[in-house]
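Asks: Requesting a structural model of the entry that follows:
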Amino acid sequence: MKALKKLFSPISIGSMEVKNRIVMAPMATDYANDDGTISRKLRDYHEARAKGGVGLITLEVTTIDGLSPYVPHTVALWDDKFIPSFRELTDAVHAHGAKIVPQLSHPGPESLSPFFHKIQPVGPSVVMCHSTKQMCREITLKEIERAIEQFGEVARRAREAGCDGVELHAAHSYMLVGSFISALRNRRTDDYGGSIEGRLKLPLEVIKNIHAKAGRDFPIILRISGDEVAPGGRDIRETQYIAPILVEAGVDAFHISSGTFPEVSWRILPPTGTPRGLNVALSKAVKEVVDVPVMVVGRINDPRFAEDILNRNEADLIVMGRALLADPDLPKKAAAGSFDDIAPCMGCGLGCIAGREAGNPMTCVINPTVGREKEMTISPAAKAKKVMVVGGGPGGLEAARVAALRGHQVTLYEKEGKLGGQINLAAVPPFKQELSKAIKYLSAQVEKAGVDVHLNTEVTPEIVKKVKPAVVIVATGGESLVPDIPGVKGAKVISAYDVLAGRVVVPCGNVLVIGGGMVGLEVADYLANPGDNAVIGCTSVTVVEMLENVGMDMVPEGRTLLMQRLRENGVKILTSTKVKKVLDDGVLTINTVKEILEDWTVVIKDGQEEKTIVGMDTIILAMGAKSVDKLSEKIKDKVAEVYVIGDAKEPRKALEAIAEGAEVGRKI
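Replies: Numbers count the residues shown, from 1 in each chain. Next up, the predicted model:
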């Protein structure tokens, strides 16, 4: 592989000189202090990426109005009192040769003001924020003037705090400026709406005031959807029309994304299996009409692919978000040609999106040190120990890797013929193959760290006694849960795990999947075939789920695309349907009956109706997992330290398994 010359060449954005073409995307962390100041955690997080070699860091949304927070712990710069903590951040980033710009925004319809200040959000028109379910009111002309002034003042503070420029969020028909610029949300009939020029009036005035307050030599980057990909929204041709107008007003670079929220949110946060570089055609189109640098974002997580985009002149800079969560040292490793040592982003969204939206600290499946950069450093062990890791799934591999790097003598045992555990199954359904990158990476790192790996070996207490380890880490995972339902062991009943592992062959015909969580839906996606291919034949799939909705354990963007495929393939989904008994060729169910009265009141009568679903050739159980730990209790009195991690401790996801492996590896 040739050196990545273009990716690691410098570039100017207005007066800002950036040492390479890698830009860290703005990602909401919720790491700021309660008062909006920059926390030590947030500073350490960004310093790690600067130290890792990134050229430019885009700080997450920095709210311009204290009464309109974007996240519970929003980054603040709406008052001069926030400048000192900002200065500490910029100094830390600059010490490693990186540049940093805050992403300025008034959340507008997306503001959390109703929850924190009992204030109704504002927008260009009366629209709903789909994430908060709050209706906003139309912003007044006086309030528009105030917002324009606030943008300028925050930019002035950013410059005083040592920032190298600012990014203005105007994408996705989202937040205040993005909503004004989009016909999807801007329905005004005054000067700020009604036409392309009217919709541009607010961003143009904001740009003008930023330069007036912070100086024309203080660069402005504009994040914008090249195409909103929604009926009635802006397409790339209209973006090409407005881009030169924005440059003339003072935009120094564009950050090209696409999509709208929530209509096409999967393009904003593209999940596993979506096209790499999905916005490259849009950035190329914008480059054709402007003479300022154009950045592109969207599933560009391989530096070699990034180099190809630059060499094809499809963009000038590459914006990476989750790839730099997965490995803050990606730039340095790429520059050295150490591509196999880059921890891969798989696009799963479990820690960076779903976890944070559930109220947990932002993290990463493959990199549990996110947000804990200083406390999770790997340091030499005070005393080298003989460590036995039982189980070669993701948790066991991470525990073995970290323990070996700390100087312990580590041996890993896996009862199957290959490493990977349940990720080997998770990577089987359509569009999920990218998950296998985690196992490829962890397996290579375990070997590189000097771990002695034994496959096809099931550990027993006798083996433990023979090996005499000082530490045993039990990471034996889980297995398919078989519920206590009459008939569940019938001849036609198999587990989802067996299907994905290839231990059974599901013939064409009628398939019933019991369980509408992620595993059940992905098995349905794997098997469903409407019969258009006459050689393969038709496989008709029905999914039954006892809850009111399916796929609720999934990241929303991935769920959206999966549900779309299930509809296209004719998969029948029955919710509020609890299986009472498994029959020879189907199931007996109890259905939650919803009765709609004349006044449209919905009355739920649980268990009032029984139905049978018959004619099934195969019945697949996808009703969760149970832990497999046949070892820890038997050896706890014979080994000084015994730890149980991952699904062996409690069935969850790879996120928890790898995190526990990382923690135990640092503890012993």
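
Asks: The worst-scoring helix or strand of the chain on mean pLDDT: what's the following helix or strand?
Replies: Least confident helix or strand, the chain: strand 602-613 with a mean of 71, by mean pLDDT, DSSP states H and E. Per DSSP states H and E, the first helix or strand lying C-terminal to strand 602-613 is strand 618-621.

Asks: now for that following strand, which elements pack on it?
Replies: Packing partners of strand 618-621 (3 or more C-beta pairs under 8 Å, 6 or more residues apart in numbering; DSSP states H and E): strand 493-495, helix 496-501, strand 509-514. For every residue, glycine as well, the C-beta is placed using N, CA and C.

Asks: Show me which positions of the second one end up buried.
Replies: I take that to be helix 496-501. Across helix 496-501, burial judged by 16 or more other C-beta atoms under 10 Å covers 496-497, 499-500.

Asks: and if you look at the first one?
Replies: By neighbour count on 16+ other C-beta under 10 Å, the buried set for strand 493-495 is 493-495.

Asks: gap between that strand and the chain center?
Replies: Distance of strand 493-495 from the chain centroid (C-alpha atoms, centre = their mean, to the nearest Å) equals 32 Å.

Asks: partner strands of that strand, parallel or antiparallel?
Replies: strand 618-621 (parallel) (DSSP bridges).

Asks: Could you pull up phi and psi at Lys578?
Replies: Main-chain dihedrals, Lys578, degrees, to the nearest 10: phi -100, psi 130.

Asks: Please report how far it lies from Ile613.
Replies: Going from Lys578 to Ile613 by C-beta to C-beta, to the nearest Å gives 12 Å.

Asks: what's the answer for Glu375, then?
Replies: Distance of Glu375 to Ile613, computed by C-beta to C-beta: 52 Å.

Asks: For these two, indicate the residue with more neighbours.
Replies: Between Glu375 and Ile613, Ile613 has the larger neighbour count (other C-beta atoms under 10 Å), namely 20 against 10.

Asks: Would you check that Glu458 makes contact with Glu416?
Replies: No - applying C-beta atoms under 8 Å, one finds Glu458 not in contact with Glu416, separated by 9.3 Å.

Asks: thinking again about what came up before, so which of the buried residues of strand 493-495 would you say is closest to Pro121?
Replies: Closest approach to Pro121 among those (C-beta to C-beta): Ser495, at 47.1 Å.

Asks: Apart from its neighbours in sequence, what residue is nearest that closest one?
Replies: Nearest residue to Ser495, sequence neighbours excluded (C-beta to C-beta, 6 or more residues apart in numbering): Ser480, at 3.8 Å.

Asks: and that neighbour, how far is that from Gln422?
Replies: When distance is defined by C-beta to C-beta, Ser480 is 10 Å away from Gln422.

Asks: Overlap in contacts, those two.
Replies: Taking C-beta atoms under 8 Å, 6 or more residues apart in numbering as the criterion, Ser480 and Gln422 both touch Tyr497.

Asks: ok so, going back, so for Glu458 and Glu416, which residue has more residues nearby?
Replies: A direct count of neighbours by other C-beta under 10 Å for Glu458 and Glu416 places Glu416 higher, at 16 against 13.

Asks: Isn't that one up against His454?
Replies: No - between Glu416 and His454 there is no contact under C-beta under 8 Å: 11.4 Å.

Asks: can you give me the strands for the stretch 401-550 of the chain?
Replies: Secondary structure of the stretch 401-550 of the chain (DSSP state E, counting those that start in this stretch): strands at 409-413, 452-454, 471-474, 478-480, 493-495, 509-514, 539-544.

Asks: and these, which is most packed in?
Replies: Most buried of the strands of the stretch 401-550 of the chain by mean neighbour count (mean count of other C-beta atoms under 10 Å) is strand 471-474; its value is a mean of 26.

Asks: What pairs with that strand, parallel or antiparallel?
Replies: Going by DSSP bridges, the partners of strand 471-474 are strand 386-390 (parallel), strand 641-644 (parallel).

Asks: For Arg157, find the nearest of the ones you listed.
Replies: Closest among the strands paired with strand 471-474, using C-beta to C-beta: strand 641-644, at 48.0 Å.

Asks: quick check, distance from that closest one to the centre of its chain.
Replies: 31 Å.

Asks: Output that strand as PDB - backbone C-alpha positions only.
Replies: What follows is strand 641-644, C-alpha atoms only, in PDB (Å, rounded to 0.1, in the frame of the first residue of the first chain):
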ATOM      1  CA  GLU A 641      -8.900 -14.700  41.600                       C
ATOM      2  CA  VAL A 642     -12.000 -15.700  39.600                       C
ATOM      3  CA  TYR A 643     -13.900 -13.200  37.400                       C
ATOM      4  CA  VAL A 644     -17.100 -13.800  35.400                       C
END
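
Asks: what comes up buried for it?
Replies: In strand 641-644, counting by 16+ other C-beta under 10 Å, buried: 642-644.

Asks: ok, now stretch 7-27?
Replies: Within stretch 7-27, the residues that qualify as buried are 7-8, 11, 13-14, 16, 18-27, counting by 16+ other C-beta under 10 Å.

Asks: In strands, which of the residues you listed appear?
Replies: 11, 13, 16, 18, 22-24 (DSSP state E).

Asks: Switch those residues over to a markdown table; also include pLDDT and distance to Asn360.
Replies: Formatted as a markdown table, those follow (pLDDT from 0 to 100; distance: C-beta to C-beta, whole Å):
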| residue | pLDDT | distance to Asn360 |
| --- | --- | --- |
| Ile11 | 98 | 37 |
| Ile13 | 98 | 35 |
| Met16 | 98 | 35 |
| Val18 | 98 | 33 |
| Ile22 | 98 | 28 |
| Val23 | 98 | 27 |
| Met24 | 98 | 22 |
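
Asks: name the helices or strands packed onto the helix or strand containing Pro84?
Replies: Following DSSP H and E, the helix or strand that holds Pro84 is helix 83-94. Helix 83-94 makes packing contacts with helix 40-51, strand 99-105, helix 141-160 when contacts are defined by 3+ C-beta pairs under 8 Å, 6+ apart.
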